[in-house]
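> for reference, the sequence and a predicted model appear below.
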Amino acid sequence: MNAISQSLAITGLIMMGGFTYTSVYADDMASVAPGAFITGLRTADTMHMIDTDHDGTISQEEWTAFQSRVFSMLDKNNTGFVDAKEFYGDPMGPVSFAPGAFIQGLRTKAMFDKIGANADGKISRAQYLSFQQKIFDMMDTGKKKQLTAGDFITQKP
């Protein structure tokens, strides 16, 4: 095998490995959260709303603050827990800090089940934030506690 053929073969193997990793990563995301949630989350609009310091990245702190605001919006009676009716039952008006596609993808029975209600049928703030941390960690492939547009935005889940 000549040098050009070896180089092409190695390049092909690297590309196939990358495609395999991307496919496995997408499968992992789909196993953690329904596609409608991922599609609504991983948009430029959502990224811009989470990126409060407008530096083009989402820090761990910005992510947690955003998710905490979302939980507070869901917890209408301020108990520190969200039941199914609060989570996906009652329609809510526009939310100024989160795009409609994100909220619509979040407020489903599938997401309520994925996050995992306790024996009382409620999700605590800690459970919600722990689940959202898994999502952040899956996008943070470089483990730098910061998401760039390349980490965050996707066309499909």
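Looks like it came in fine. All of these numbers come straight from a predicted model, not from anything done at the bench.
> make it CA atoms for all contacts and neighbour counts henceforth
Will do.
> host element of the residue nearest to the spatial centre of the chain?
For the chain, the residue sitting closest to the mean C-alpha position, by CA atoms, centre = their mean, is Ile135 at 4.4 Å. Following DSSP states H and E, one finds Ile135 within helix 125-139.
> who touches that helix?
Contact with helix 125-139 is made by 25, 29, 32, 60, 63-64, 67-68, 71, 80-81, 115-116, 143, 145, 147, 151-152, as judged by CA atoms under 8 Å, 6 or more residues apart in numbering.
> where along this protein do the strands fall?
58-59, 81-83, 122-124, 146-147 (DSSP state E).
> so where is the chain shaky, pLDDT-wise?
For the chain, the stretches with pLDDT under 70 are 1-30, 90-95, 155-157.
> would you map the helices across it?
Assigned by DSSP state H, the helices in the chain fall at 3-32, 35-41, 44-50, 60-74, 84, 100-106, 109-115, 125-139, 149-152.
> count of neighbours near Ile50?
A count of nearby residues for Ile50, using other CA atoms under 10 Å, gives 22.
> is it true that it touches Glu62?
Yes. In this structure, Ile50 is within contact of Glu62 by CA atoms under 8 Å, at 6.2 Å.
> what residues are up against Arg37?
Small correction: residue 37 is Phe, not Arg. By CA under 8 Å, 6+ apart, the neighbours of Phe37 are 101-102, 104-106, 111.
> narrow those residues to those that are buried.
By neighbour count, with 16 or more other CA atoms under 10 Å, the contacts of Phe37 hold 101-102, 105-106, 111 as buried.
> nothing else from me, thank you.
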